[in-house]
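Undergrad: what follows is a predicted protein model with its sequence.
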Amino acid sequence: MRKFLFYLAIVVFSTSCEKQESDLTQLSLLQADIGGREINLTEPISENFPPDRPITLVFSSPLDPALVSSAISLFEGNQEIELTTTLIADNKNIILYPKGILKTNTLYKIVISDNLKGANKSPFAGKEIRFKTKIGALELVSFDLENSDQTKTGRIINVPLDFNINLEFSGPVDRQSLQNSLKLIGTGPQSLQFSFSNNDQQVSITGDTPLVYLSKYTIQILNTFKSASGEDFAGLSKIFYTGVDQIAKFPLISDEELLTKVQEQTFKYFWNFAHENSGLARERNTSGNLVTIGGSGFGVMAILVGIERGFITRQQGIERISKIVDFLSSADRFHGVWPHWINGNTGNVIPFSSKDNGADLVETALMMQGLLSARAYLNESVAVESAIIEKITQMWAEVEWSWFTKGGQDVLYWHWSPLFNWEMNLPIRGYDESLIVYVLAAASPTHQIDKKVYDNGWARNGGMKNGKTFYQKTLPLGPDMGGPLFFSHYSFLGLDPRGLSDQYADYWKQNQNHTLINQAHSINNPLGYVGYSDESWGLTASDGNQGYSAHSPTNDRGVISPTAALSSFPYTPEESTKALHFFYYNMGDRLWGEYGFYDAFNITEAWYADSYLAIDQGPIIIMIENHRSNLLWDLFMSDKDIKTGLKNLNFTH
């Protein structure tokens with residue numbers, strides 16, 4: 001599931017504590033370049049640099065982001081040039097974007113003051129860099145994409161599909177030279193039309209066909225371009241992004257029909273693509289025999305939705321649940337706890353990592369949440385269903401929750417391995433997606449934990465509280481900005497947050513404000529990514545163009561995951577409906593596939609996933625159903641053991 005992120009956090013935290021003082025080494029500038037051409041840092045003045053390219057500064061260690069803008073300046077003589085700065089490469093590199101195009105054959109000075117500091121407060125001695133732009137008689141005076149916008153980082157966005165580019169040069173251009181040197185690079189072929197005016201100093205460029213919506217394009221003018229009198233041009237490269245295509249990609253239907261359609265299509269992942277032998281859910285659509293315990297717990301709940309919505313018959317659903325329960329009862333377990341991954345044919349553990357080849361308490365909790373919901377759904381008076389109930393009850397009783405306090409500590413531990421024992425050493429502390437673990441452990445009829453384990457371990461005696469305000473919304477618990485949105489989904493597929501509270505939080509307020517903060521971050525879009533808006537939002541753990549990551553406002557990589565907004569339907573029905581309309585009608589030709597919405601997309605990088613993940617697909621079905629009928633909430637909360645567990649932890653509902 002997501003736990004490797006927690007391992008990394010623990011290692012980084014402990015290491016940083018040990019080295020807090022010793023790491024205050026001198027921060028140094030390693031390299032500077034303009035448009036990929038390196039500046040010689042030892043020469044008084046470096047010459048012949050393009051006037052229209054960004055400036056990149058590379059430092060020896062991460063910088064303090066709060067000091068970057070005020071510590072770096074660009075001057076032409078005594079005139080300061082306005083800059084936009086962007087941090088990349090783990091805050092080691094700064095990209096400087098001067099406002100407008102620099103002058104040709106002109107001396108500039110970059111001043112980096114000693115106010116700049118490293119992220120660990122390491123000092124910087126200060127530095128001045130002098131460079132001179134290329135000699136060139138022909139300059140681009142202005143560049144305008146009509147009716148477009150710019151992000152906070154200077155990206156040109158929302159360019160109309162029927163575009164019009166206006167260029168103004170410092171002198172007359174050679175028409176044929178410009179037409180031969182100017183290229184528009186991007187999706188689909190494009191034949192350009194040129195219109196010249198003002199003694200051939202102004203040029204308007206259009207296309208013979210519309211551009212493709214929400215796509216990345218680059219307009220290039222090669223340095224082979226000449227003026228009418230044969231003068232050189234330094235070259236140009238501008239990236240821009242087209243806007244939204246308002247034409248619906250699929251026929252319009254009612255919102256209720258659309259919600260059903262999304263649930264039914266997504267349900268196919270757990271029904272049609274389930275492992276043939278075990279009935280469990282594959283981790284992702286390329287996983288072969290590898291099945292996931294937590295995602296399969298979501299799959300069990302999805303089957304209940306499938307029955308109620310008429311996607312399958314009750315008999316079909318009961319048969320599948322029976323297969324799943326039979327397989328789980330004979331699969332590898334350790335003190336009653338399943339591993340993260342198992343082989344769908346043999347039931348044997350498949351290691352999640354080198355030492356994670358045993359029990360996984362969080363994955364087991366997600367599975368048990370599904371099984372207890374199914375137990376509440378089944379009819380004791382029907383022999384086949386009664387037999388399933390008995391098997392679920394037995395497996396529920398066999399989970400040794402209290403044993404995972406590792407000898408009586410006041411905290412639950414995530415892992416145990418028959419080969420490596422407790423070497424993974426990851427305590428389950430809040431606030432994240434794991435509240436359900438403690439609720440189930442307190443509800444166990446056979447291996448129950450004390451409330452002090454919840455208070456001291458999970459709640460850290462109040463240490464999991466936040467209480468700060470972000471985008472005018474107070475966040476009761478968890479990390480700043482709330483973290484990835486799956487924190488508000490996984491535990492609450494069955495656990496009903498409406499009116500649920502304890503001494504630490506009102507959990508409806510927690511989840512609703514967490515979601516609204518997440519959406520507000522996308523609207524504010526401080527990093528200037530393309531495609532973020534009030535209808536295109538949702539940051540959570542998912543695949544991305546840089547690999548799998550727990551995306552959030554504090555780990556924003558430009559990746560939007562449909563599951564984030566769609567699984568938030570109970571908390572933000574209006575905002576989630578906007579997202580649903582956008583994903584389906586505006587982007588459905590890119591995002592909609594065999595098992596519903598693909599996992600994620602990054603418009604800035606022109607990247608779209610072709611993957612499906614069980615842990616992302618499941619919450620879409622389940623939380624939409626909780627929004628529509630409260631089905632899973634009502635089932636899970638009706639369980640007498642769950643009622644006992646919540647009472648033991650002093651929850652009110």
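TA: Perfect, thanks for sending it. Numbering: from 1, shown residues only.
Undergrad: per-domain residue ranges of this protein.
TA: Per the record, the chain has its domains at 24-133, 140-242, 255-648, by automatic domain parsing.
Undergrad: could those domains go into TSV alongside distance to Ala248?
TA: No exception for glycine: its C-beta is placed from N, CA and C like everyone else's. Converted to TSV, the domains of the chain look like this (distance: least, C-beta to C-beta, whole Å):
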stretch	distance to Ala248
domain 24-133	35
domain 140-242	12
domain 255-648	4
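Undergrad: what would those look like in JSON lines with mean pLDDT?
TA: As requested, those are exported to JSON lines (pLDDT from 0 to 100):
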{"stretch": "domain 24-133", "mean pLDDT": "92"}
{"stretch": "domain 140-242", "mean pLDDT": "94"}
{"stretch": "domain 255-648", "mean pLDDT": "98"}
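Undergrad: could you identify which of the ones you listed is most buried?
TA: Here the criterion is mean neighbour count by mean count of other C-beta atoms under 10 Å, and of these the winner is domain 255-648, at a mean of 21.
Undergrad: for that domain, measure first residue to last.
TA: Taking C-alpha to C-alpha, to the nearest Å, domain 255-648 runs 41 Å from one end to the other.
Undergrad: try stretch 42-61
TA: Span of stretch 42-61 from end to end, C-alpha to C-alpha: 20 Å.
Undergrad: would you map the helices across the stretch 1-150 of the chain?
TA: Here the stretch 1-150 of the chain has its helices, by DSSP state H, counting those that start in this stretch, at 3-18, 65-71.
Undergrad: I meant to write the stretch 401-550 of the chain there.
TA: Secondary structure of the stretch 401-550 of the chain (DSSP H, counting those that start in this stretch): helices at 435-443, 451-453, 507-524.
Undergrad: got CSV for those, with distance to Ala274 too?
TA: Output for the helices of the stretch 401-550 of the chain, formatted as CSV (distance: least, C-beta to C-beta, whole Å):
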stretch, distance to Ala274
helix 435-443, 23
helix 451-453, 35
helix 507-524, 29
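Undergrad: out of those helices, which comes closest to Tyr213?
TA: Tyr213 lies closest to helix 507-524 among these, at 18.7 Å (C-beta to C-beta).
Undergrad: for Phe651, phi and psi?
TA: The phi and psi values for Phe651, taken as degrees, to the nearest 10, are phi -80, psi 150.
Undergrad: mind listing what it touches?
TA: Phe651 is in contact with 439, 500-502, counting by C-beta atoms under 8 Å, 6 or more residues apart in numbering.
Undergrad: how about those residues in CSV, adding distance to Phe651?
TA: What follows is the contacts of Phe651, written out as CSV (distance: C-beta to C-beta, whole Å):
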residue, distance to Phe651
Val439, 8
Leu500, 6
Ser501, 7
Asp502, 5
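Undergrad: for the residue sitting nearest the centre point of the chain, give me its contacts.
TA: In the chain, the C-alpha closest to the average C-alpha coordinate belongs to His551, at a distance of 2.9 Å (C-alpha atoms, centre = their mean). Neighbouring residues of His551 by C-beta under 8 Å, 6+ apart: 484, 539-542, 544, 557, 559, 561.
Undergrad: right, I'll call it a day here.
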